[in-house]
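1. Quick one: sequence and predicted model below, then my questions.
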Amino acid sequence: MLETKMKYALITGASKGIGKSMAIALAKRKINLLLISRSVDELNVLQTALKNQYGIEVHSLAIDLSQIEAPKAVLNWVMENNYATHILINNAGYGLWGKFGELDLATQLEMCQLNMTTVTALCHLLLPLLSTEKKAYILNVCSTAAYQAVPTLAIYSATKAFILSFTRALRFELKDGPVSVSCLSPGPVDTGFAQRAGLDAFSKMAEKFNMQPDKVAEIAIKGLFAGKAEIIPGFTNIISVYANRILPKGFIEKMAAGIYKT
C-alpha cells in the first residue's frame, strides 16, 4: 500500500483574529496546520491547544512577514521540512488611519509590503507546490474596503483593491488546473483592527456592525471549499459591495470620508 503524504494548510497572521479562527475551523475538519505569525508565545499556545484538542499535526514559524526576505524564508521552511501544502491562506495584514501626507511614509510602505508584496510572493513561491496536489486552494484575505477608495484609509483600501484584482486574475489563469483561488472580503470584524489602525473613535461605532471572527472564518472556509471567487460575509456587507458597484464613485468616497473623518 502506498503511503499517503500528510497535507497541511498554511495560514499567515494565524495567532489572532480571523487567522486564528480559520485555524480552528480547519482543525475541526482534521486538517493539519502550518501557522505563521510574529508572536512566538501566541503561536506556541495556539499550536499546543489545537494539537491537544483536535489530534492533528501543527507546526509554527514566528517571522515578520513585512520584511522583504520573509516569503522566501517561509518557502525554505516548508521545503526543508517537506510539508505537503494544499491550502494557502494569506491573512496577515493591517491598516493605518489618517491623512496620507501626515502618516509616516516608512510605516505606510511597510504596510504595502505586507498587504500586497508578501501576498504576491507567497502565491508565486508556493504555487508550484500547490499545483502538484490533486486539489489545492488559495484564499487571499481582502476587505470590503477594496471596492471603493477610502479617504484616510487611502493606502489600506488601495492595497486591498490590489489583492481583489490580483486574486480574480490569478483565479482565471488557474481555472483549468487543480488550484482554486478565492478572495475573502469581510467588513468590520471584532479583531482589534480599528484600534491598531488608530481608529479609536470609529471602533465604538463599528461595535454595532462587527461580525465575530469565528463566524467570518466558518463562512470563509465553506466558501473556500465551495470554490467561490469572492466570499463576502454578512448581508449588510454584501449590500454595501453591490452599492459600491452601481453608485457614483464620488458619492461613495464622500460617504466613506464622513465615516472615517479625522
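-> That came through fine. Note that the structure is predicted; figures quoted are calculated from it, not measured.
2. all helices for the stretch 51-200 of the chain, in order.
-> 70-80, 105-112, 119-130, 154-173, 193-197, 200-206 (DSSP state H, counting those that start in this stretch).
3. so which of these comes closest to Gly234?
-> helix 200-206 (12.8 Å; C-beta to C-beta). All C-beta spots, glycine's among them, are computed from the backbone N, C-alpha and C.
4. Could you dump the helices of the stretch 51-200 of the chain into TSV and include mean pLDDT, mean neighbour count and distance to Gly98?
-> Output for the helices of the stretch 51-200 of the chain, formatted as TSV (pLDDT from 0 to 100; neighbours: other C-beta atoms under 10 Å; distance: least, C-beta to C-beta, whole Å):
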stretch	mean pLDDT	mean neighbour count	distance to Gly98
helix 70-80	98	16	26
helix 105-112	96	14	9
helix 119-130	98	19	23
helix 154-173	96	19	9
helix 193-197	51	18	9
helix 200-206	53	14	12
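5. What separation do you get for the residue nearest the centre of the chain and Asn115?
-> A centroid search over the chain (C-alpha atoms, centre = their mean) returns Asn91, at 2.3 Å, as the residue closest to the centre. Computed with C-beta to C-beta, to the nearest Å, the distance linking Asn91 and Asn115 is 11 Å.
6. I'd like to know how far Val45 sits from Ser37.
-> 11 Å.
7. More neighbours: the two, which one.
-> Set Val45 next to Ser37 and count neighbours by other C-beta atoms under 10 Å: Ser37 wins out with 24 against 12.
8. Turn the helices of the stretch 51-200 of the chain into JSON lines, including distance to Ser185.
-> Below are the helices of the stretch 51-200 of the chain laid out as JSON lines (distance: least, C-beta to C-beta, whole Å):
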{"stretch": "helix 70-80", "distance to Ser185": "23"}
{"stretch": "helix 105-112", "distance to Ser185": "18"}
{"stretch": "helix 119-130", "distance to Ser185": "14"}
{"stretch": "helix 154-173", "distance to Ser185": "7"}
{"stretch": "helix 193-197", "distance to Ser185": "14"}
{"stretch": "helix 200-206", "distance to Ser185": "16"}
